[in-house]
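Visitor: Need a 3D model of the sequence below.
(chains A and B)
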Amino acid sequence: EAQVTQNPRYLITVTGKKLTVTCSQNMNHEYMSWYRQDPGLGLRQIYYSMNVEVTDKGDVPEGYKVSRKEKRNFPLILESPSPNQTSLYFCASSLGQGYQPQHFGDGTRLSIL
Amino acid sequence: QKEVEQDPGPLSVPEGAIVSLNCTYSNSAFQYFMWYRQYSRKGPELLMYTYSSGNKEDGRFTAQVDKSSKYISLFIRDSQPSDSATYLCAMSPNYGGSQGNLIFGKGTKLSVKP
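Guide: Numbering: from 1, shown residues only, chains lettered A, B, ... in the order given. Below is the predicted model of the structure:
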């Protein structure tokens, strides 16, 4: 089954404790991205990757890091999480950028206390 | 002015009603238009995809694009309780780089009452 898998699905942690949210896709997609979804603000792109070792900032990259060492994986790293990063996070993948339909994971709900 | 505007609702309709969901946009370079459906506690899933102007129909769903007015619509006929979800419009220009990313509306929450 074609899917994008995120882990963990839920996480409550404290300010400053480094965390990583993993994302893996099994569709051999080149393009992957991370979004955060907040009430009243909608989906906002954090980072995206057009291929292995190629990453770029989206609209709200501050406080986040990503890496793309393998085609299937695109982890999101919060090195020093803060309460304003409490949000619902989605990983997505597609064949290519922009006009290609994106396949989303089921989300990771992060709470930073 | 935001690039994509979408009324967040909520919108509540009785079962069987025709639902109209809309987005307006400001970037005339947008060429690809999509509608995603997001159920509670799930990620968005692609519902409809259109290129440039015109209509596209898929079962009970019809997507319309009016580029002259910079306005897109999603119509749901014979709405069902299972259609209750948040609907997000999304659009993209026809070029790559950081300007080629998909831009989402904020989503409209729809509730179809039995």
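Visitor: which helices and strands sit right next to the top strand by length along chain A?
Guide: Assignment by DSSP state E gives strand A:42-51 as the longest strand of chain A. Judged by 3 or more C-beta pairs under 8 Å, 6 or more residues apart in numbering or on different chains; DSSP states H and E, the packing partners of strand A:42-51 are strand A:31-38, strand A:54-57, strand A:65-66. Where C-beta positions appear, they are placed from N, C-alpha and C, glycine not excepted.
Visitor: Name every strand pairing with it and say which way it goes.
Guide: With DSSP bridges as the test, strand A:42-51 is paired with strand A:31-38 (antiparallel), strand A:54-57 (antiparallel).
Visitor: ok, and the closest non-adjacent residue to the residue nearest the centre of chain A?
Guide: Nearest residue to the geometric centre of chain A (C-alpha atoms, centre = their mean): A:Trp34, 2.9 Å. Nearest non-adjacent residue to A:Trp34, counting by C-beta to C-beta, 6 or more residues apart in numbering or on different chains: A:Ile46, 4.4 Å away.
Visitor: Could you tell me which residues within the longest strand of chain A count as buried?
Guide: Within strand A:42-51, the residues that count as buried by 16 or more other C-beta atoms under 10 Å in any protein chain shown are A:Gly42, A:Leu43, A:Arg44, A:Gln45, A:Ile46, A:Tyr47, A:Tyr48, A:Ser49, A:Met50.
Visitor: And for stretch B:104-114?
Guide: By neighbour count with 16+ other C-beta under 10 Å, stretch B:104-114 contains the buried residues B:Phe104, B:Gly105, B:Lys106, B:Gly107, B:Thr108, B:Lys109, B:Leu110, B:Val112.
Visitor: Which of those residues sits closest to chain A?
Guide: Chain A has its nearest neighbour among the buried residues of stretch B:104-114 in B:Lys106, at 3.5 Å by C-beta to the nearest C-beta.
Visitor: can you tell me how far the closest one sits from B:Phe61?
Guide: Note on B:Lys106: its distance to B:Phe61, by C-beta to C-beta, to the nearest Å, is 20 Å.
Visitor: residues in contact with stretch A:43-57?
Guide: Stretch A:43-57 is touched from outside by A:30-38, A:58-61, A:64, A:66-71, A:74, A:76, A:89-90, A:97, B:44, B:88, B:98, B:101-102, B:104, B:107, with contacts defined as C-beta atoms under 8 Å, 6 or more residues apart in numbering or on different chains.
Visitor: Straight-line length of stretch A:70-81, end to end?
Guide: Using C-alpha to C-alpha, to the nearest Å, the end-to-end distance of stretch A:70-81 comes to 25 Å.
Visitor: what about that stretch, near chain B?
Guide: No: between stretch A:70-81 and chain B, judged by C-beta under 8 Å from any C-beta of the partner chain, nothing touches; the nearest distance is 14.5 Å.
Visitor: So B:Met48 is in contact with B:Lys56, correct?
Guide: Yes: look at B:Met48 against B:Lys56 with C-beta atoms under 8 Å: they come within range, at 6.2 Å.
Visitor: For those two, list the residues in contact with both.
Guide: When contacts are counted by C-beta under 8 Å, 6+ apart, B:Met48 and B:Lys56 are jointly contacted by B:Ala63.
Visitor: Compare those two and say which one has the larger neighbour count.
Guide: Per other C-beta atoms under 10 Å in any protein chain shown, whichever of B:Met48 and B:Lys56 has more neighbours is B:Met48, with 21 against 15.
Visitor: doesn't the more buried one fall inside a strand?
Guide: Yes: looking at B:Met48 with DSSP: H, G, I helix; E, B strand; the rest coil, it is inside a strand.
Visitor: Doesn't B:Ser73 lie inside a helix?
Guide: No: inclusion of B:Ser73 in a helix is not indicated when three-state DSSP is applied; the result is strand.
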